[in-house]
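In: sequence and predicted structure below; questions after.
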Amino acid sequence: MEELKSLYQTADWKQEKHVPVIEIPDLIVKDEFFAVEVTIGKEIAHPNETKHHIRWIDVYFKPDDAKVPHQIGKAEFTAHGESVEGPDTSSIYTHHRVSLSFKTKISGTILASSYCNIHGLWQNSEKINF
């Protein structure tokens with residue numbers, strides 16, 4: 001049986017345009033809201049056109065020693081230049097970036113995944129310690 005986890009790819013985001021880049025503050029205070037930003041193509045721009053685009057970004061937080069993560073956000077990007085006149089004929093485009101905030105009392109890991117319509121599933125993570 002093929003498993004979904006085997007389809008996720010990862011790499012250094014500075015050299016691979018598909019990897020989600022997770023940005024959080026250097027100092028996070030326990031039980032206070034903090035900003036999380038996830039982007040695709042931060043160092044190397046990812047195309048956003050009808051034939052090649054990022055479809056979605058999903059963000060989770062997995063507390064240390066927890067079996068199941070908590071989904072903290074999801075964004076779908078549905079405007080890539082297509083229109084009734086055909087591919088790349090519209091002036092409407094979304095950008096593959098998610099900004100959210102959340103708080104926690106426990107250390108854990110922020111996990112982000114994304115989907116490119118040509119190159120598949122990608123993932124990255126960022127540890128939070130108090």
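Out: That came through, no problem.
In: pretty sure Asp58 contacts Ile110?
Out: No - applying CB atoms under 8 Å, one finds Asp58 not in contact with Ile110, separated by 11.4 Å. To be clear about C-beta, it is placed using only N, CA and C from the backbone, and glycine gets the same treatment.
In: ok, the two, which is more surrounded?
Out: Ile110 (23 against 20; other CB atoms under 10 Å).
In: give me the phi and psi for the more buried one.
Out: Dihedral pair for Ile110: phi -90, psi 130, per degrees, to the nearest 10.
In: quick check: bridge partners of it?
Out: For Ile110, the beta-bridge partners are Phe61, Glu126 (DSSP bridges).
In: tell me how many other residues crowd Gly81.
Out: Count around Gly81 with other CB under 10 Å applied: 18.
In: quick one, what contacts the nearest residue to it once chain neighbours are set aside?
Out: Nearest residue to Gly81, sequence neighbours excluded (CB to CB, 6 or more residues apart in numbering): Asp88, at 4.2 Å. Neighbour list for Asp88: 49-51, 81-82 [criterion: CB atoms under 8 Å, 6 or more residues apart in numbering].
In: neighbours around Glu3, how many?
Out: 7.
In: how about the strands in the protein?
Out: Under the criterion DSSP state E, strands of the chain are mapped to 20-23, 34-40, 54-63, 70-76, 97-102, 108-116, 120-128.
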